[in-house]
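Peer 1: Could you work out the structure for the sequence below:
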Amino acid sequence: MNLLSVYQEKCKRDGICIAECPTGIIEFKTKEAFPTIIDGGDEFCITCGHCVAVCPHGAMNHAVMSSEACPPVRNDLSLGPDQVEHFLRSRRSIRTYKKKPVDRKTLAKLIDIACFAPSGHNRQPVNWLMIYDSEEVYRLAGLVIDWMQNLIKDASPLAAAMHMDRVVAAWEAGTERICRGAPHIVVAHAPEDERTAQAACTIALAYVELAAPSFGLGACWAGYFNAAANFWPPMKEALSLPDGHVSFGAMMIGHPKYRYQRLPSRNEARIIWR
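Peer 2: Alright, predicted model coming up:
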């Protein structure tokens, strides 16, 4: 099967797919020809779908995604600048949660949305681990505390920099500040030697955080959890990630206990214009 095919009756030969192909592998072989892949172009295709998505006539097909399989963009669902600003400014890191699990289908849909996050060269290296059971979340939080106590005992500069003594003291007093009582933790992991993984996992988790409120959920980056996942052997063993994989980020997810009412201020943008 050819990598690219064209509905000739729909194609207007306007060259938009050629102009938008990020790897430059589509061409008109002759003035009368329809768009086609260059000789040897299969090797350089990153399966981004730009050629299919950009065609205003629905004429382009890719071997792994036909025009019919790609839903059309709905302008009626597009957000204006004011809506986008409000949406992004109203985002909050949620650190208090209801003792209520999130439906698995909802979490799966949330992760599915995050799979559309950009990644370098469209390598899509992100893998997901969902710690769904709240008791397991708490057990893993305890392993993070063990790691902190070990660092404090060794007088590690990291323990001082991250104020681990306060976190451990809170734990011993009955307040859990590792996962903040979130019912679920999602971990984005990928092969350690994958050069695009760090950015891809970070962006994908940001998608999770931004999409969560639309499902009535809240999220927060789990920095202590992720650090222990990479540095504390018992935590690594407990997570049991695939061989060669590491955690590039972790996030708490759950139903927010409280609703925020205002849009707090931030520092003004520091911009250098050239």
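Peer 1: Helices of the chain, start to end?
Peer 2: With helices called from DSSP state H, the chain shows them at 16-20, 50-54, 81-89, 104-114, 134-153, 157-161, 164-172, 197-211, 223-231, 233-239.
Peer 1: Select, out of those helices, the one closest to residue 248.
Peer 2: Nearest of the helices of the chain to residue 248, taken as CB to CB: helix 197-211 at 3.5 Å. C-beta here means a position set from N, CA and C on the backbone, and glycine is covered the same way.
Peer 1: Buried residues, that closest one. List them.
Peer 2: Within helix 197-211, the residues scored as buried using 16 or more other CB atoms under 10 Å are 197-198, 200-201, 203-211.
Peer 1: show me where pLDDT drops low in this protein?
Peer 2: Applying pLDDT under 70 to the chain flags the ranges 1.
Peer 1: ok, the spatially closest residue to residue 86 that is not a sequence neighbour - contacts?
Peer 2: Closest residue to residue 86 apart from its sequence neighbours, by CB to CB, 6 or more residues apart in numbering: residue 263 at 7.6 Å. Contacts for residue 263 (CB atoms under 8 Å, 6 or more residues apart in numbering) come out as 86, 89, 90.
Peer 1: any idea how far residue 91 is from the residue nearest to the second one when sequence neighbours are not counted?
Peer 2: Of all residues beyond its chain neighbours, the one nearest residue 89 is residue 263 (4.6 Å), with distances taken as CB to CB, 6+ apart. Residue 263 sits at a distance of 10 Å from residue 91 (criterion: CB to CB, to the nearest Å).
Peer 1: number of nearby residues for residue 22?
Peer 2: Applying other CB atoms under 10 Å, we find 13 residues neighbouring residue 22.
Peer 1: So it versus residue 118, what's the distance?
Peer 2: Counting by CB to CB, the separation of residue 22 from residue 118 is 11 Å.
Peer 1: From residue 7, how far out is the closest residue to residue 260 other than its chain neighbours?
Peer 2: Counting by CB to CB, 6+ apart, residue 260 lies nearest to residue 92, which is 5.1 Å off, once chain neighbours are set aside. Distance of residue 92 to residue 7, computed by CB to CB: 47 Å.
Peer 1: Now the residue nearest to residue 260: phi and psi?
Peer 2: Main-chain torsions, residue 92, degrees, to the nearest 10: phi -130, psi 150.
Peer 1: Distance-wise, check it relative to residue 222.
Peer 2: From residue 92 over to residue 222 the distance is 16 Å, taken as CB to CB.
Peer 1: Those two: who's more crowded?
Peer 2: The neighbour comparison of residue 92 against residue 222 (other CB under 10 Å) goes to residue 222, with 29 against 17.
Peer 1: Next, count neighbours for the closest residue to that one other than its chain neighbours.
Peer 2: Nearest residue to residue 222 in three dimensions, chain neighbours excluded: residue 250, at 4.1 Å (CB to CB, 6+ apart). Residues near residue 250, counting by other CB under 10 Å, number 26.
Peer 1: Contact partners for residue 250?
Peer 2: By CB under 8 Å, 6+ apart, the neighbours of residue 250 are 185, 186, 187, 188, 221, 222, 223, 225, 226, 229.
Peer 1: Report the contact partners of the last one.
Peer 2: It refers to residue 229. Contacts here follow CB under 8 Å, 6+ apart; on that basis residue 229 touches 187, 235, 236, 239, 246, 247, 250.
Peer 1: Closest one of these to residue 98?
Peer 2: Comparing the contacts of residue 229 against residue 98 with CB to CB places residue 250 closest, at 20.2 Å.
Peer 1: Kind regards, and thank you for your time.
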